[in-house]
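Chemist: predicted model and sequence below, questions to follow.
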Amino acid sequence: MDKQQGSFWFTPKGFASMGLIGAVSYFLIVEHRQHLYEWLPFLILALCPLMHIFMHGGHGKHEDHKSHGKQINLSDSEQLEDAYKKGVEEGKKQTASNLRRGD
C-alpha cells in the first residue's frame, strides 16, 4: 500500500526551515530596515513572475478549448459580431431579471 507523504512544512526539517526563515526575516526587519526599504520595490517586482509560476499550477491542463464537444470557429467578422450581440442581449436579460428579484 502506498503511504501518503505529508507536507514538508510539518516535518522536523520543515519546522527548522520555518524557524530559520523567521529569524532571518526578523533580523532583516529590525537590524537592516533601511536596506530592506531600498530593495523593497525590486522584491515586489520579482515576486510577480514567481507568483505566476507557482500559483497557476492549480488551473489544470489547458488542452481542451472546445465548447461542449464542438470546435468553435469565429474567424468570420459577422460571426464575431453576432456572438457579441447575443452576449449583450443575454447580459441585459440577466441584469433585468436580477433587478426584478432584488439581487
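Modeler: Cool, the structure landed.
Chemist: am I right that residue 87 falls within a helix?
Modeler: Yes: counting by DSSP: H, G, I helix; E, B strand; the rest coil, residue 87 is part of a helix.
Chemist: now for it, how many residues are close by?
Modeler: Residue 87 has 10 neighbours, counted by other CB atoms under 10 Å. Heads up, the C-betas are built off the backbone N, CA and C, glycines and all.
Chemist: before we move on, what about residue 86?
Modeler: Using other CB under 10 Å as the criterion, residue 86 is surrounded by 10 other residues.
Chemist: with residue 49 instead?
Modeler: Counted with other CB under 10 Å, residue 49 comes out at 9.
Chemist: that's a helix at it, yeah?
Modeler: Yes: secondary structure of residue 49 (three-state DSSP): part of a helix.
Chemist: look up how far residue 55 lies from it.
Modeler: As judged by CB to CB, to the nearest Å, residue 49 and residue 55 stand 11 Å apart.
Chemist: for residue 28, same thing?
Modeler: Using CB to CB, residue 28 is found at 24 Å from residue 55.
Chemist: burial measure for residue 14, as a count.
Modeler: When neighbours are defined as other CB under 10 Å, residue 14 has 13 of them.
Chemist: which pLDDT value does the model give it?
Modeler: With respect to pLDDT, residue 14 scores 92.
Chemist: and residue 36, by the same measure?
Modeler: If you check residue 36, the pLDDT there is 79.
Chemist: looking at residue 28 and residue 55, which one has more neighbours?
Modeler: Neighbour totals were compared for residue 28 and residue 55, and residue 28 leads with 13 against 9 (other CB under 10 Å).
Chemist: how does the chain divide up, domain by domain?
Modeler: Annotated domains of the chain cover 10-55, 74-103 [automatic domain parsing].
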